[in-house]
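> quick one, what's the 3D model for this:
(one chain, ligands or ions: 1)
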Amino acid sequence: GDHGRPMKLYHAPMTRSGRVRWLLGELGEAYELAPVNVYVGEGRKPEYRAIHPHGYVPALEVEGQTMVESSAMCLYLADKYIDKGLAPPFQSPLRAEYYQWMVYMPATCDPQLETILFHTKFLPEEKRLPALVEQARKKWAVAERFLAKGLGDRQYLVGDSFTAADVLLGTTLAWAKFAGAGGDDPKLAAYLERMADRPAFKTAHAD
Ligand SMILES: N[C@@H](CCC(=O)N[C@@H](CS)C(=O)NCC(=O)O)C(=O)O
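Below you'll find the model as predicted:
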């Protein structure tokens with residue numbers, strides 16, 4: 001079957017596929033990179049729509065299956081290679097906060113940052129809605145405080161070692177910086193610097 005076949009990551013620079021690329025680098029697992037230039041509409045081609053119904057990146061081929069949703073990929077891969085320590089052990093109470101952050105980032109943070117980015121940078125000016133940006137900035141400010149509280153004075157978001165939750169927080173904070181959102185918390189800023197210094201982060205964001 002497909003067991004043993006290298007994974008394939010459909011990727012574009014500066015997007016949420018960077019999360020999965022970073023995580024794969026931390027795991028040290030081999031994978032094939034399939035570039036999809038979503039910026040020029042490559043995602044909308046029928047061939048790619050057969051892989052990702054919305055034409056987004058990332059998509060991941062693994063074990064003969066194709067999956068979508070960056071955080072689901074991170075959860076799956078961290079568990080698949082759980083011996084590498086990128087997820088808390090299955091019976092650990094840390095699993096509760098780990099799942100919380102693995103869902104909080106895509107469900108509650110990403111939409112705010114997406115709204116800010118679209119309505120300040122990506123959409124043509126006449127389509128931008130300042131009221132949406134204002135609302136999203138307020139919600140992101142709440143999220144930022146919650147994330148800072150979650151991190152506290154520790155080096156990592158969950159427990160005392162690097163996990164997939166750091167991949168999501170690191171990329172979310174990098175995205176927020178790019179969006180010009182918040183960024184006033186010194187602990188989160190120092191955390192982002194530490195994360196951006198990791199070799200696998202650099203490789204994932206090299207292009
Ligand atoms: N919830 C999805 C979001 C995927 C998504 O929206 N990807 C964006 C880039 S970050 C994309 O491919 N956009 C292309 C488009 O809108 O055509 C995930 O986390 O994987």
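> shouldn't residue 141 be in contact with residue 182?
Yes. Residue 141 is in contact with residue 182 according to C-beta atoms under 8 Å; the separation is 6.0 Å. The way it works is simple: take the backbone N, C-alpha and C, and place the C-beta from them, glycine included.
> who's more crowded, the two?
Of the pair residue 141 and residue 182, residue 182 is the one with more neighbours under other C-beta atoms under 10 Å, namely 22 against 14.
> per-residue confidence at the closest residue to that one other than its chain neighbours?
On the basis of C-beta to C-beta, 6 or more residues apart in numbering, the spatially nearest residue to residue 182 that is not a chain neighbour turns out to be residue 144, at 4.7 Å. On pLDDT, residue 144 comes in at 98.
> now residue 144: which helix or strand?
With the criterion set as DSSP states H and E, the secondary-structure element containing residue 144 is helix 130-151.
> quick check: buried residues in that helix?
Going by neighbour count (16 or more other C-beta atoms under 10 Å), the buried part of helix 130-151 is 133, 136, 137, 139, 140, 143, 144, 147, 148, 150, 151.
> including distance to the ligand, could those go into CSV?
Listed next are the buried residues of helix 130-151 as CSV, based on distance: C-beta to the nearest ligand atom, whole Å:
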residue, distance to the ligand
133, 18
136, 16
137, 19
139, 17
140, 16
143, 16
144, 19
147, 17
148, 23
150, 20
151, 21
